[in-house]
Structure formats: C-alpha cells, structure tokens
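Trainee: Need coordinates for the following:
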Amino acid sequence: MLTHLPKKMLAVLGGTLLSLSLSSVAAAEWPTKTIQMVVPFPGGSSPDILARTIAEPMSKELGQTIIIENRPGAGGNIGTRYASQAKPDGYTLLLTINGPMVTAPTLYKNTLGYDPLTDLQPISLIGTSPNVLIVPADSPAENLEQFIELAKKEQGNLNYGSIGAGSASHLSMAMLEHEADIELAHIPYSGFPQIIAGVMSGDIDAAFMVPGIAMPQVNSGKIRALAVTSLEESELVPGLAPIAANENFSGFEAISWDGLFVPTGTPDDIVLRLNQLSHDILARPDIQEKIRALYFTPVASSPEDMSSLIVSEKQLWDEVIERLNLSLD
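Mentor: Residues are numbered from 1 along each chain as shown. A predicted model of the protein is given here:
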C-alpha cells in the first residue's frame with residue numbers, strides 16, 4: 001500500500017497550524033533587502049506561475065521585493081542545487097516540485113550535488129495535483145479496467161509516452177504496470193505538448209499527465225481521460241474515478257506537489273515566519289482561485305509534515321526505481 005498525504009494536508013485550514021514566536025533579533029530585523037525565490041523550471045511552467053502567485057502577496061506582507069529567479073535544467077536539479085548552496089540568511093527561497101526532492105537522489109546517486117534531507121529546510125507545501133491517465137479519443141478503453149484488459153490482450157504491443165526516464169509520468173506508469181501485471185512499451189518525449197499531440201494522433205496509446213495540460217484537451221473531446229491518481233476523487237477533475245477505487249489498486253497514489261524551501265541553517269524564526277505567511281496567503285480566496293485555475297489544490301503544511309512526506313515518498317519511489325534498475329548518472 002502506498003503512503004499518502006496526511007489528511008490535515010489535504011486542504012488549507014482557515015486558521016494557523018502553528019503558534020509562532022517571532023521574538024528573536026534575526027526575525028525582528030529580517031528582511032531588510034530584496035529576496036530571491038529560485039524556481040528550477042522555465043518561466044511559464046506551473047512551478048513558475050505558482051511561485052509568482054504567492055510571491056506578490058508575500059512581498060507585500062514582508063515589505064520587501066521578491067524576485068523570481070528561474071534556473072531550469074536537469075529536471076529541476078540545477079536550480080535546486082543552486083538554492084541549497086545559498087547563504088542561509090532568509091534571502092534565498094526555493095519553490096520546487098517533488099522530483100528534485102524525492103526521486104532525484106536515487107536517480108542521480110553520483111552527480112546530484114545536494115542532499116534534499118540535509119541541505120534544504122522545508123517551509124510548507126504550496127499545492128498538490130494528481131496525474132490523469134489519458135488515451136486517444138477513439139481508444140477501445142473507456143475506463144481503467146478496460147485499459148488493463150486491453151493491455152493484457154495486446155501483450156506488450158501498447159505503448160505509453162512520458163517526459164523522460166525517471167519522470168513522474170514514467171514512474172507512475174511503471175507502478176501501474178507492476179501492480180496490474182501488464183507491459184507497455186515506454187517512449188520518452190521532450191515534453192507534454194509532444195505527448196498530447198501523439199495521443200491525439202494515435203501514435204501514443206496512453207500517458208500519465210498533469211491535469212492542467214490534459215483536461216483542456218479532454219474537455220474538448222480530443223483525448224479521453226480514464227482515471228486519476230489521487231486516493232479519492234479530486235475536486236480538480238470531478239467525476240473522474242481514482243485508480244485506487246479499484247479494489248486491486250486500493251492504495252495507488254501518485255501526486256505531484258510544489259513546496260517552499262530555504263537552505264538548511266536559515267534561522268528558525270525566519271522559517272516559522274515564512275510558514276505563517278504561507279498559511280495566511282494560501283487561505284486567501286483569491287489565491288486559492290488562482291491556484292485551482294492551474295489544476296492544483298492549495299495546501300499548506302508544517303515544516304515537519306513536509307519532511308515526513310519527503311521521506312515517505314522517497315521510500316515509495318525508491319522501490320519503483322530500483323525495480324526498474326534505473327540510473328541517470
């Protein structure tokens with residue numbers, strides 16, 4: 001059974017989860033200059049948009065400018081490494097996804113250049129999103145069970161697209177293959193737009209994809225969505241059955257998340273103040289509306305819960321990576 005998010009992390013609470021003390025000199029004086037928020041992905045990506053969504057109100061509350069520093073490359077590892085090596089003084093923040101924090105240490109054992117568990121301090125989750133299993137609009141499969149039946153009938157002749165070995169789109173399908181006892185041919189692509197085009201043309205038989213990209217095409221009838229990877233039905237894609245609803249896959253979960261971090265060693269009171277700000281900002285209806293428009297659910301957490309989530313997800317995905325004998329060094 002797969003580990004899933006604690007229930008208290010599944011929604012932004014109206015109140016504050018932590019009782020904070022801001023009495024130290026460090027917190028009282030901070031910030032006195034511009035803060036950079038590192039995003040290890042290109043401008044216009046969902047992490048970039050999420051970062052800009054929270055940076056503006058956070059800047060107003062702190063009374064200092066927060067600039068977004070895009071440092072893309074290597075699936076987010078380059079920018080994450082850069083942030084992990086920054087001075088821990090509260091003037092470098094990192095907004096990243098689960099890949100560089102969870103799967104990267106196992107995929108890049110020798111070349112990663114940072115340890116997510118020791119070099120970066122969690123502040124809070126920002127948002128979560130399930131993945132969606134998609135197929136061509138004219139696929140014989142109209143639900144998960146029919147897709148699995150079709151895959152077994154085709155005996156390895158079906159294929160699926162991903163944005164590369166070790167990506168969530170790859171590992172999620174690898175996990176489904178293992179649990180459903182099916183085999184599909186893996187075809188890596190350079191990005192989700194190419195996968196969408198391949199599914200629409202029928203060159204790709206299936207894919208796991210973030211709903212922000214998949215659902216506009218699903219809603220227009222150009223592709224079909226079969227299932228979602230949250231444990232329960234997601235408010236982001238209402239009416240779409242979870243894979244976990246099938247009793248054979250009752251623990252199946254593959255969630256994408258974005259979180260806020262600082263370099264380890266950042267003063268505790270600054271960490272707590274940033275956590276408080278994250279909760280306050282994510283509780284605002286206008287911010288929630290903007291985040292949900294990206295097909296993410298706004299989620300705040302404590303630093304401790306975020307650390308626990310990283311550890312539990314690492315254990316889960318390490319099993320999948322090791323079963324695939326996958327290394328990207």
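Trainee: drop to CA atoms for contacts and neighbour counts, all remaining ones
Mentor: Will do.
Trainee: Report pLDDT for Gln217.
Mentor: Looking at Gln217, its pLDDT stands at 95.
Trainee: Can you show me the strands along the stretch 1-150 of the chain?
Mentor: Ranges of strands in the stretch 1-150 of the chain, per DSSP state E, counting those that start in this stretch, are 35-39, 66-70, 92-97, 120-130, 132-136.
Trainee: try the stretch 151-300 of the chain
Mentor: Using DSSP E, counting those that start in this stretch, strands in the stretch 151-300 of the chain cover 159-162, 185-188, 207-209, 223-228, 255-263, 297-298.
Trainee: out of everything not next to it in sequence, what's closest to Lys109?
Mentor: Residue nearest to Lys109 in three dimensions, not counting chain neighbours: Asp329, with 6.8 Å by C-alpha to C-alpha, 6 or more residues apart in numbering.
Trainee: what residues are up against that neighbour?
Mentor: Neighbour list for Asp329: 107-111 [criterion: C-alpha atoms under 8 Å, 6 or more residues apart in numbering].
Trainee: now swap in Glu69 and tell me
Mentor: 36-39.
Trainee: which residues sit against stretch 178-195?
Mentor: When contacts are defined by C-alpha under 8 Å, 6+ apart, stretch 178-195 is touched by residues 148, 151-152, 155-165, 170, 176-177, 204, 207, 209, 213, 249.
Trainee: oh, I was asking about stretch 99-117
Mentor: Here stretch 99-117 makes contact (C-alpha under 8 Å, 6+ apart) with 75-77, 80-81, 84, 166-168, 307, 310-311, 313-314, 317-318, 321, 326-329.
Trainee: coming back round to it: in helices only, show me the contacts of stretch 178-195.
Mentor: Using DSSP state H, the members of the contacts of stretch 178-195 that fall in helices are 148, 151-152, 170, 176-177, 213.
Trainee: among those residues, which two are most distant?
Mentor: For the ones in helices among the contacts of stretch 178-195, the farthest-apart pair by C-alpha to C-alpha is Lys152 and Ile213; their separation is 28.0 Å.
Trainee: The nearest residue to Gly265 once chain neighbours are set aside and Phe261, how far apart?
Mentor: Leaving aside its sequence neighbours, Gly265 sits nearest to Pro88 (C-alpha to C-alpha, 6+ apart; 5.4 Å). From Pro88 across to Phe261, the span is 11 Å (C-alpha to C-alpha, to the nearest Å).
Trainee: of those two, who's got more company?
Mentor: Phe261 (28 against 18; other C-alpha atoms under 10 Å).
Trainee: Check what pLDDT the nearest residue to the more buried one once chain neighbours are set aside gets.
Mentor: Nearest residue to Phe261, sequence neighbours excluded (C-alpha to C-alpha, 6+ apart): Pro122, at 4.5 Å. pLDDT, Pro122: 98.
Trainee: from memory Pro122 sits against Ser307, does it?
Mentor: Yes. Taking C-alpha atoms under 8 Å as the definition, Pro122 is a contact partner of Ser307 at 6.6 Å.
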